[in-house]
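Asks: next input, structure requested:
(2 chains)
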Amino acid sequence: MIDLRKSDPQFKWEIAKREGGEGLLKCFGCSDCAASCPVRYFDERYNPRKIIRFTLLGMKDIVLKSPFLWFCAHCHACTERCPQGIRVAELINAIKNYAVEQGYCPDGYKMQLDLLMKMGRLYEVEDFDLKKRQRIGLPPIDKTIPEVAKILESTDILKVLKK
Amino acid sequence: MNKYAIFLGCTVPVRAQHYELSARNVAKELGIDLVEMSGASCCGFPLKAVDAETALLVAARNISLASKIKLDVVTLCNSCTAMLSDAQIQLNTEEFHSKFKKVGLSYPHEVRVRHFVRMLYEDIGIDKIGEAVKKPLNGLKIMPHYGCHYMRPSQLYGFDNTETPHTLDELVSVTGAESVNYADKKMCCGGSVLGVDEELAIKMANHKLSIAKENGVDAIASICPFCTVMYEDNQRKAEAQFETQYGIPVLYYPQLLGLSLGLDANAVGLKFNRIKSDSMMEKLTR
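Replies: The predicted model follows:
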């Protein structure tokens, strides 16, 4: 049951002005995205058309609190087929970015950010790895890349995640 | 001489050294010079869902490293290819470029970003690769797996055909192996949802594994370390979840190509594959 009295009429504009969100208002609900989606093929709880529809209706809480928003694999199968030329995967990503700003960020992403702050990579380069690389004839690599932390500190990403 | 900067990303240099090793050795065989990108980091893709702009900046910093040495970039991971390609396009917009300069970065020389396999297809070409094949992999049935970000989104790449991809099929065929044509060729491996819902991710990986089994393939050819995580590292989990047996080797394409170019098993790092390809190798020596 959708209670439109809870609709936030500003929500769709908030999304439409973001990079990737520009196509939102062109959606006429044909469901080609849902039909092309490999995730939905295996799990009907994820449906890109529904997320876009709820966004257009201003059902902000439903969209942002839904765990299924994060099921998008960003595979772009939808983007390729949208008859309205909407970059659907980028649109879903814009909604994810907005959800993060509103305080809804899955823990896994926070952990990844911590790793990148610390090492500049997702995986630690251990002495074992460096020795193995040397043994099989691969060139050495940097253990950490501190410049990544500098970039992360220069944007709002850390502040946003503390919410 | 074809010369490129090689971007390794996070996974390849520590978890898929056999991919890197085989790519470097194949490059040597084909007269391709791969130059290290000192100071390269994560591509930025893991940050995209959190903050796309920060992800682009991290990607653009990597591109600036290649720009300084005036070399086009080749990558081994599909998602790195997408992230860096996106940043490369954004660098040509004034808005992003000014943000990029604000964090103290520079882009003195325009560079292209492509997947290593795409570079093989476009710059070396099927004919020249065919001429270099010394030990054709005759008798092998290989299932090419493209992965999503090798050719999608087409707005970013303008390469191959997103509905009926064919470049990897051609590259498999030129080794002498049979490239298996199958339904759902462009299906996602499920890797991107692994951290969100493992059962669902395994379900997605299982889909292609079951097609591979039906087709009786000798191996799956992968070109992305994350797809390999799904098909090789998680194959046991798929077997358990779906009460079946697979035992299907998952080789990186440069490993297969390397074997056909006459490289031995060590030179393509075959012993580092988790699922052993002994029966496949036996067919080749017969």
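
Asks: low-confidence ranges in chain A?
Replies: Within chain A, the segments meeting pLDDT under 70 span A:163.

Asks: domain ranges for it?
Replies: A:4-101, A:107-161 (automatic domain parsing).

Asks: which of the helices or strands spans residue 129?
Replies: Reading this off chain A. helix A:127-135 (DSSP states H and E).

Asks: can you look at chain B instead?
Replies: Counting by DSSP H and E, B:Ile129 is part of helix B:126-132.

Asks: got a list of contacts for that helix?
Replies: B:29-30, B:120, B:170-171, B:174, B:257, B:261 (Cβ atoms under 8 Å, 6 or more residues apart in numbering or on different chains). In short, each C-beta sits where N, CA and C put it, glycine included.

Asks: now that helix: how far from the chain's centre is it?
Replies: What separates the centre of helix B:126-132 from the centre of its chain is 20 Å, taken as Cα atoms, centre = their mean, to the nearest Å.

Asks: tell me the buried residues in it?
Replies: Using 16 or more other Cβ atoms under 10 Å in any protein chain shown as the test for burial, helix B:126-132 gives B:129, B:132.

Asks: what mean pLDDT does that helix get?
Replies: Throughout helix B:126-132, pLDDT has a mean value of 98.

Asks: so which of the contacts of helix B:126-132 is the most crowded?
Replies: Neighbour count (other Cβ atoms under 10 Å in any protein chain shown) singles out B:Leu257 as the most crowded of these, with 30 neighbours.

Asks: give the contact list for that residue.
Replies: Listed by Cβ under 8 Å, 6+ apart, the contact partners of B:Leu257 are B:22, B:26, B:120, B:129, B:171, B:175.

Asks: need the contact list for the residue nearest in space to the middle of chain B.
Replies: For chain B, the residue nearest the mean C-alpha position is B:Ile223 (2.7 Å; Cα atoms, centre = their mean). Contacts for B:Ile223 (Cβ under 8 Å, 6+ apart) come out as B:76, B:78, B:115-117, B:145-147, B:150, B:168, B:252-253.

Asks: distance of it relative to B:Ala27?
Replies: For B:Ile223, the distance to B:Ala27 equals 15 Å [Cβ to Cβ, to the nearest Å].

Asks: any idea whether B:Ala5 is helix, strand or coil?
Replies: Following DSSP: H, G, I helix; E, B strand; the rest coil, B:Ala5 is assigned to strand.

Asks: meant to ask about B:Val74
Replies: strand.

Asks: is it true that it touches B:Leu120?
Replies: No - with contacts counted by Cβ atoms under 8 Å, B:Val74 stays clear of B:Leu120, the gap being 9.1 Å.

Asks: which bits of the stretch 151-286 of chain B sit near chain A?
Replies: B:152-155, B:162-163, B:186-188, B:190-193, B:195-197, B:200, B:203-204, B:207, B:269 (Cβ under 8 Å from any Cβ of the partner chain).

Asks: can you say which of those are buried?
Replies: Among those, the ones that count as buried by 16+ other Cβ under 10 Å are B:152-153, B:162, B:186-188, B:190-193, B:195-197, B:200, B:203-204, B:207, B:269.

Asks: ok, then the element right after the helix holding B:Ile129?
Replies: Note on helix B:126-132: by DSSP H and E, the next helix or strand toward the C-terminus is strand B:141-144.

Asks: could you chop chain B up by domain?
Replies: Using automatic domain parsing, chain B is parsed into the domains B:2-116, B:134-285.

Asks: and of the ones you listed, who's closest to A:Lys131?
Replies: Distance to A:Lys131, taken as Cβ to Cβ, is lowest for domain B:2-116 among the domains of chain B, at 11.5 Å.

Asks: end-to-end on the closest one?
Replies: From its first residue to its last, domain B:2-116 covers 12 Å (Cα to Cα, to the nearest Å).

Asks: spatially, what comes nearest to B:Met281 if we skip its sequence neighbours?
Replies: Leaving aside its sequence neighbours, B:Met281 sits nearest to B:Ala265 (Cβ to Cβ, 6 or more residues apart in numbering or on different chains; 7.0 Å).

Asks: is that neighbour in contact with B:Lys276, as I believe?
Replies: No - using Cβ under 8 Å, B:Ala265 is not in contact with B:Lys276; the gap is 10.9 Å.

Asks: please, which helix or strand holds residue 89?
Replies: In the absence of a named chain, this looks at chain A. helix A:88-101.

Asks: that's the other chain; I wanted chain B
Replies: Short version: B:Ile89 belongs to helix B:78-90, going by DSSP H and E.

Asks: I'd like the next helix or strand past that helix.
Replies: Remark: after helix B:78-90, the chain's next helix or strand is helix B:94-102, criterion DSSP H and E.

Asks: what's the angle from that following helix to helix B:78-90?
Replies: 100 degrees (axes from the mean of the first three to the mean of the last three Cα atoms, to 10 degrees).

Asks: what is helix B:94-102 packed up against?
Replies: If you count contacts as 3 or more Cβ pairs under 8 Å, 6 or more residues apart in numbering or on different chains; DSSP states H and E, helix B:94-102 packs onto helix B:52-68.

Asks: can you tell me the closest non-neighbouring residue to the residue most central in space within chain A?
Replies: What sits nearest the mean C-alpha location of chain A, by Cα atoms, centre = their mean, is A:Asn93, with 4.0 Å. What sits nearest to A:Asn93 in space, not counting adjacent residues and going by Cβ to Cβ, 6+ apart, is A:Gly20, at 5.6 Å.

Asks: what about residue 137, how many neighbours?
Replies: Going with chain A. Count around A:Gly137 with other Cβ under 10 Å applied: 12.

Asks: other chain: chain B
Replies: Residues contacting B:Leu137 under the criterion other Cβ under 10 Å number 24.

Asks: can you pull the contacts of it?
Replies: B:Leu137 touches B:175-177, B:256, B:259-260, B:284, counting by Cβ under 8 Å, 6+ apart.

Asks: could those be laid out in JSON lines, adding neighbour count and pLDDT?
Replies: Formatted as JSON lines, the contacts of B:Leu137 follow (neighbours: other Cβ atoms under 10 Å in any protein chain shown; pLDDT from 0 to 100):
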{"residue": "B:Thr175", "neighbour count": "25", "pLDDT": "98"}
{"residue": "B:Gly176", "neighbour count": "18", "pLDDT": "98"}
{"residue": "B:Ala177", "neighbour count": "26", "pLDDT": "98"}
{"residue": "B:Leu256", "neighbour count": "27", "pLDDT": "98"}
{"residue": "B:Leu259", "neighbour count": "30", "pLDDT": "98"}
{"residue": "B:Ser260", "neighbour count": "24", "pLDDT": "98"}
{"residue": "B:Leu284", "neighbour count": "18", "pLDDT": "91"}
